[in-house]
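Novice: From the sequence below, what's the structure:
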Amino acid sequence: MVLLALASIAIQYTAIRTFSSKPLSLLCPVGLATTGHAVNCSLRDLTRLGQVRPEESVRGCDEVFSHIPTPPSISLHSNNATKRTHILILATTRSGSSFVGQLFNQHPEVFYLFEPLYHVQLALLPRLAQSRNLAERRVMLGAARDLLRSLFHCHLSSLESYIRPRPSNHSTDKLFRRGASKRTFSPSRLYCMCFVFRCGPLNVSLAADACRAKHHAAIKTVRIPQISDLRALIEDPRLNLKVVQLVRDPRGILASRIETFRDTYRLWRLWRATGHRPHNLDLGQINTVCEDFLRSVSLGLARPPWLRGRYMLLRYEDLARFPLQKTRELYSFLGLPLDRSVEDWIINNTRGSSDLSSRQKFTTVRDSAANAENWRVKLSFDMVVYTQTACQPLLELLGYKTVFQARELRNLSYSLVEDRTAPPFFLNN
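Specialist: Numbering: from 1, shown residues only. Now for the predicted structure:
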């Protein structure tokens, strides 16, 4: 049965590659974000949009803005191509990656895609959140690398092969969390509306045009387990790939997942409520996170020749406490100018209500510093002790302190994050 399943996956992948091999001029309604205009979806915007009827936002997103001039295309084979930077945010679920993605999404010269590999996973491994079978994982990673390479070159037609149902006339309303990528919208406020409500169909060719019109491209993914899985892309001379590995205290990741994925983490919630660990609890849900982080970060900090100058390690807690400073360091690593629109977005979106953050799990408007510490009051002491034991090598490597008493855990004036500012932890050049 396992061999039949793997054969089926391989056949699907081969078929997808065959159907997507033809070059397309790439696809089109929904306009482009107005060139050079920043978008700040602030807490005020979200409150206002809550009063807008969903059908109005869909109609607005579906309009064709013929009066907006199309930005000039940037040839991938021109002199500008050598200056094009490809950015990959490597993260895990509930580690703050959506926030980091917005640091690029808000830059007027960056084309940003949110989790395109979701569609690969859905097409090849339906109903599996994360395959633990080594052979299945290899198939998934091969498809993921191929798609990432195509997307960084703005060949968005490759993504169509994985979207279900397959787009008709290059138009789809099934792009995962499309509202998180502002370069497929116009004018700017429709980005905020589409982020909150369901958007109308996306024409992939306009998105491809928008990609080619920008100097740089960034992609966020939680579906690549380790930095070693990206070596083929990092060494590809056709790409100028730089990887930002985002890490977070696994205790914080666990607390956030328990709140967000209520069904998947139901037994963890039961443990917290009763004080007794269920005998059938899937401990692999946190063990896998720590093992992947440990292998990946250890390799990154070892600075192998193929990774030098291509890898930056970023702790979510540092970004939450010092958002502007860490964003400047991030852009310095990438060799890109930090646009004022990004700074404005940070100021507007790191002082939000922590209550809003708890009610809207996928928003990026939050009190960032308070949010990074929330796990200390949401997890039971026993759950924290278990996680610390399972993840001790990772905690030590990343500079997260362990706690030995419940009183120590709840004392928010005592930081559990060590200062780590020296290379190679800061920048791996």
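
Novice: so where do the helices sit in the stretch 151-300 of the chain?
Specialist: With DSSP state H, counting those that start in this stretch as the criterion, the stretch 151-300 of the chain has helices at 157-160, 188-196, 204-213, 231-234, 250-260, 266-274, 284-302.

Novice: now the last one against helix 250-260, angle please.
Specialist: To tie it back to what came earlier, the one meant is helix 284-302. In terms of direction (axes from the mean of the first three to the mean of the last three C-alpha atoms, to 10 degrees), helix 284-302 departs from helix 250-260 by 140 degrees.

Novice: which other residues reach helix 284-302?
Specialist: Defining contact as C-beta atoms under 8 Å, 6 or more residues apart in numbering, one finds that helix 284-302 is touched by 90, 92, 130, 132, 225-228, 245, 247, 250, 253-254, 257, 264-265, 268, 307, 311, 313, 387, 390-391, 393-394, 397-398, 424-425, 428. Every residue, glycine included, has its C-beta placed from N, CA and C.

Novice: Any chance of JSON lines for the helices of the stretch 151-300 of the chain, columns distance to Val110, mean neighbour count and mean pLDDT?
Specialist: Output for the helices of the stretch 151-300 of the chain, formatted as JSON lines (distance: least, C-beta to C-beta, whole Å; neighbours: other C-beta atoms under 10 Å; pLDDT from 0 to 100):
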{"stretch": "helix 157-160", "distance to Val110": "18", "mean neighbour count": "22", "mean pLDDT": "84"}
{"stretch": "helix 188-196", "distance to Val110": "14", "mean neighbour count": "21", "mean pLDDT": "43"}
{"stretch": "helix 204-213", "distance to Val110": "10", "mean neighbour count": "23", "mean pLDDT": "87"}
{"stretch": "helix 231-234", "distance to Val110": "18", "mean neighbour count": "16", "mean pLDDT": "98"}
{"stretch": "helix 250-260", "distance to Val110": "26", "mean neighbour count": "22", "mean pLDDT": "96"}
{"stretch": "helix 266-274", "distance to Val110": "36", "mean neighbour count": "15", "mean pLDDT": "95"}
{"stretch": "helix 284-302", "distance to Val110": "23", "mean neighbour count": "18", "mean pLDDT": "94"}
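
Novice: can you tell which of those helices is closest to Tyr414?
Specialist: Smallest distance to Tyr414 across those (C-beta to C-beta): 14.6 Å, for helix 250-260.

Novice: What would the closest one look like as CSV? C-alpha coordinates only.
Specialist: This file holds the C-alpha atoms of helix 250-260, laid out as CSV (Å, rounded to 0.1, in the frame of the first residue of the first chain):
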residue,chain,number,x,y,z
PRO,A,250,9.1,26.3,21.3
ARG,A,251,7.1,27.0,24.4
GLY,A,252,5.6,30.0,22.7
ILE,A,253,4.9,28.0,19.5
LEU,A,254,3.1,25.4,21.5
ALA,A,255,0.9,27.9,23.3
SER,A,256,0.0,29.6,20.1
ARG,A,257,-0.9,26.4,18.3
ILE,A,258,-3.1,25.2,21.2
GLU,A,259,-5.1,28.5,20.9
THR,A,260,-5.2,28.5,17.1
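
Novice: Show me what that helix packs onto, helices and strands only.
Specialist: Contacts defined by 3 or more C-beta pairs under 8 Å, 6 or more residues apart in numbering; DSSP states H and E place helix 250-260 against helix 266-274, helix 284-302, helix 375-378, helix 381-390.

Novice: Leu113: which of the ones you listed is closest?
Specialist: Once the helices and strands packed on helix 250-260 are compared by C-beta to C-beta, helix 284-302 is nearest, at 21.4 Å.

Novice: Can you check the distance spanned by stretch 329-342, start to finish?
Specialist: Distance between the two ends of stretch 329-342: 13 Å, counting by C-alpha to C-alpha, to the nearest Å.

Novice: I'd like the average pLDDT over it.
Specialist: In this model, stretch 329-342 carries a mean pLDDT of 96.
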